[in-house]
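K.L.:
what follows is a predicted structure for the sequence shown.
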Amino acid sequence: MQIAWRVLSGARKYWFPYSLGFLGLIIATVSGFYLPWALRTLTQLATEGIANFASEALTVGLLLLGATTLQAIGASLSGYMNHYTALHCVADLRTRLYRKYQQMSLRYFNRSRTGDLTGRVVNDAMEAEIFIAHIIPEFVINTLTFVGVGILLLTINVKLALLSLVTVPILLAITVWQSKFLAPMWGENSKVRGEISGKVQENLAGMKEIQIFNRQEEEQVKVSHLALRHAKTYLRASKFYETSVPLLAFVTALGTVLVVIFGGRLIGTGEVTIADIVGFIAYLTMFYSPVKSFSGLVEQAGRAAAALRRVYEVLETEEDVQEKRHAIVLPRVQGQISFNEVSFAYQDGTPVLEQLSLTIEPGRKVALVGTTGVGKTTLASLVNRFYDPLQGSITMDGIDIRDVTLHSLRNNISMVLQDTFLFDGSVYDNIAYGWQDATREAVLAAARAAKAHDFIMAMEQGYDTIIGERGVRLSGGQKQRLSIARAILRNAPILILDEATSALDTKTEQEIQMALDEISKDRTTLVIAHRLSTIRHADLIVVLEGTGIAEMGTHEELLQRNGTYARLYAVQAS
């Protein structure tokens, strides 16, 4: 009921089409009540031997035609309007879920499987359609039918009506018992389905590595085990459901048998007519139908609720990085960045940074160096607020970045990552992604600055060439040059280069390094590099070691100190 209420809350904006759907539902349901009454009337006319039988039968037939027409119109209206509402609610829910993903920090995605998150948007959110277009309307139909037919049964014969109620508590008890055990079974089923989705997507993304290391058989076994586990959980729920359905059918049939037996006795005593029994049994089928279908609704609701809980679980997750309610808009900054006693850890008890303090003056080129895992990329991520420090603060031009909007903060930063990501689109669109309103001339200029123009023009369709998912049709160096062009186009006052030239050959690296040196003159540039030869001319080199700063200085100053930097440089030079 809690899930149903949440789903209905999301449908409030579509109250008018949903109301039309329920109007059609009522018309169709009430119109359907006339058929058993028509059978009762015709039986009564035949058994009483009325002289104008043909005329009376024609009247009944015309009324039945009218009721059937109304039923068809109502069902059509209900079906379309309910699905109209449901599918729009699904679209809204998917949009909310995707928006929520965009608000989550990288910490959330680091501990989640992409396939599982995708499954919640594509598959689980679709279960809202089951609730809105099927479960809730069916519940209304069943309730209306149960009450309406119950009243009609009482008007035919009170004794038989009360007798038909004997089996109802048993039917309801079976339904409650079924719902109690089915809900957790469908919850487990949805969980396993998410695991399958995550594993398959992970394997598809890593298919190259799987084939390189000949791990096809092992990965197939893992997927097979998950698929079998899903089958078992589904069959467990299905077995439970399929066992209870025949039991419901038996109890329903038992109620009909009781009515037939006692109805025959009442005919013998003259308390009811044959027409009454015909009409009563026809209505009795309609009367038991809602109770029986409650079982199916419980099964559907359990499955849908289990999936939707996974959706609402995401929507209720608190973001690690939150924007303040009255956050200010950060204007274009001069570029001063200060880390003030910053501490950070990805996992509790394993600090990456401890009380680190560092100030980067506007327009300066600062390089971060050190062995793997000392926090170089972490510092860059903290500047972007992909994460928040556990202690301390980071300011930009003296303004705490937690006090500004995320949009305005990131508008001030261009970033080139070592792990380049390109979208399945044209070369032009991928470069222009860095600046939505860029002119074609600006895009081409950025490509030339990144030494990408020549290889782009050598392609069959030039800048309109489709590069495939993640730029699969490009080499590593070509992808990185497009990423650099995208950052150049953004023209932000702060430039972060995280191993930006790692996938380039020496000649191209030197050319791009010259271009990067040129565009970084009027910008604060934060460079993360393993190849120390690329940052010799940095204004300041910060050497990270352990959980903090080991030493700082220019290339020459650090070599003279003969410390950590000098040792790292000597190893690479040898």
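P.N.:
Received, thanks. Numbering: from 1, shown residues only.

K.L.:
pretty sure Val7 is touching Leu308, no?
P.N.:
Yes: at 6.9 Å, Val7 counts as touching Leu308 under the criterion of CB atoms under 8 Å. In this view, the C-beta of every residue, glycine as well, is placed from N, C-alpha and C.

K.L.:
who touches both of those two?
P.N.:
Common neighbours of Val7 and Leu308 (criterion: CB atoms under 8 Å, 6 or more residues apart in numbering): 128, 131.

K.L.:
pLDDT on stretch 400-418, on average?
P.N.:
The pLDDT scores in stretch 400-418 average 89.

K.L.:
can you give me the buried ones in that stretch?
P.N.:
Applying a neighbour-count criterion of 16 or more other CB atoms under 10 Å, one finds 401-402, 404, 406, 408-418 buried in stretch 400-418.

K.L.:
in strands, which of these fall?
P.N.:
Among the buried residues of stretch 400-418, DSSP state E puts 413-416 in strands.

K.L.:
so can I have CSV of the residues you listed showing distance to Tyr98?
P.N.:
Converted to CSV, those look like this (distance: CB to CB, whole Å):
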residue, distance to Tyr98
Ile413, 23
Ser414, 25
Met415, 22
Val416, 26
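
K.L.:
ok, so of these, who is nearest Thr167?
P.N.:
Ranked by distance to Thr167 (CB to CB), these are led by Met415 at 69.1 Å.

K.L.:
which residue is the nearest non-sequential neighbour of that closest one?
P.N.:
Excluding the flanking residues, the one nearest Met415 by CB to CB, 6 or more residues apart in numbering is Ile496, at 4.4 Å.

K.L.:
tell me if I'm right that that neighbour and Ala380 touch.
P.N.:
Yes: look at Ile496 against Ala380 with CB under 8 Å: they come within range, at 4.9 Å.

K.L.:
touching both of these two, which residues are there?
P.N.:
415, 526, 528.

K.L.:
now distance to Ala54 too, for the residues you listed, in CSV please.
P.N.:
Output for the shared contacts of Ile496 and Ala380, formatted as CSV (distance: CB to CB, whole Å):
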residue, distance to Ala54
Met415, 87
Leu526, 96
Ile528, 95
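
K.L.:
of the residues you listed, which is the nearest to Leu540?
P.N.:
Nearest to Leu540 among the shared contacts of Ile496 and Ala380 is Leu526, at 10.3 Å by CB to CB.

K.L.:
shouldn't that closest one be within a helix?
P.N.:
No: per DSSP: H, G, I helix; E, B strand; the rest coil, Leu526 lies outside any helix segment and is strand.

K.L.:
for it, list the residues it contacts.
P.N.:
With the criterion set at CB under 8 Å, 6+ apart, Leu526 makes contact with 337, 360, 366, 368, 379-380, 383, 494-497.

K.L.:
from those, which single one is nearest Ser238?
P.N.:
Ala380 (50.9 Å).

K.L.:
and the helices in the stretch 301-450 of the chain?
P.N.:
376-383, 406-411, 427-432, 440-449 (DSSP state H, counting those that start in this stretch).

K.L.:
go through these and name the closest to Thr547.
P.N.:
helix 376-383 (10.4 Å).

K.L.:
wait, which of the shared contacts of Ile496 and Ala380 is closest to Pro169?
P.N.:
Distances from Pro169 to those, taken by CB to CB, are shortest for Met415, at 66.4 Å.

K.L.:
now do the contacts for that closest one.
P.N.:
380, 384, 487, 495-498.

K.L.:
possible to save those residues as a markdown table with pLDDT and distance to Leu171?
P.N.:
Listed next are those as a markdown table, based on pLDDT from 0 to 100; distance: CB to CB, whole Å:
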| residue | pLDDT | distance to Leu171 |
| --- | --- | --- |
| Ala380 | 88 | 64 |
| Asn384 | 90 | 60 |
| Ala487 | 85 | 67 |
| Leu495 | 90 | 71 |
| Ile496 | 89 | 66 |
| Leu497 | 86 | 70 |
| Asp498 | 83 | 65 |
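
K.L.:
can I have the buried ones of these as a ChimeraX selection?
P.N.:
In ChimeraX syntax, the buried subset of the contacts of Met415 is picked out as below (16+ other CB under 10 Å):
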select :380,384,487,495,496,497,498
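
K.L.:
list the contacts for Val383?
P.N.:
By CB under 8 Å, 6+ apart, the contact set of Val383 is 337, 394, 396, 401, 413, 494, 496, 526.

K.L.:
cool, Thr524 as well?
P.N.:
Thr524 touches 335-337, 360-364, 366, 493-495, counting by CB under 8 Å, 6+ apart.

K.L.:
and the helix or strand that Gly66 is a member of, how far from the chain's centre?
P.N.:
Assessed by DSSP states H and E, Gly66 sits inside helix 53-103. Between the centre of helix 53-103 and the centre of its chain there are 28 Å (CA atoms, centre = their mean, to the nearest Å).

K.L.:
for that helix, packing partners?
P.N.:
helix 2-10, helix 15-31, helix 34-48, helix 114-122, helix 127-130, helix 274-315 (3 or more CB pairs under 8 Å, 6 or more residues apart in numbering; DSSP states H and E).

K.L.:
ignoring the adjacent residues along the chain, who's closest to Phe22?
P.N.:
In space, Phe22 comes closest to Val140 once its chain neighbours are excluded; the distance is 6.6 Å by CB to CB, 6+ apart.

K.L.:
tally of neighbours for that neighbour?
P.N.:
Using other CB atoms under 10 Å, Val140 has 16 other residues around it.

K.L.:
so how far is Leu25 from it?
P.N.:
6 Å (CB to CB, to the nearest Å).

K.L.:
go on, Tyr346?
P.N.:
The value you get for Tyr346 to Leu25, if CB to CB is used, is 53 Å.

K.L.:
bridging residues for Gly553?
P.N.:
Under the criterion DSSP bridges, Gly553 forms beta bridges with Ile541.

K.L.:
check it and give its pLDDT.
P.N.:
Taking Gly553 on its own, its pLDDT is 91.

K.L.:
likewise for the one 3 residues further on?
P.N.:
In the predicted model, Glu556 carries a pLDDT score of 91.

K.L.:
show me what contacts Gly392?
P.N.:
339-343, 355-357.

K.L.:
let's see 7 Å
P.N.:
Contact partners of Gly392, counting by CB atoms under 7 Å, 6 or more residues apart in numbering, are 340-343, 355.

K.L.:
likewise Ile196?
P.N.:
By CB under 7 Å, 6+ apart, the contact set of Ile196 is 226-227, 230.

K.L.:
please produce CSV containing those residues, extended by distance to Val443 and secondary structure.
P.N.:
Listed next are the contacts of Ile196 as CSV, based on distance: CB to CB, whole Å; DSSP: H, G, I helix; E, B strand; the rest coil:
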residue, distance to Val443, secondary structure
Leu226, 44, helix
Ala227, 46, helix
His230, 47, helix
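
K.L.:
now, among these, which is nearest to Leu58?
P.N.:
Checking the contacts of Ile196 against Leu58 by CB to CB gives His230 as the nearest, at 58.1 Å.

K.L.:
mean confidence score for stretch 331-347?
P.N.:
Mean per-residue pLDDT for stretch 331-347: 91.

K.L.:
also stretch 447-455?
P.N.:
87.
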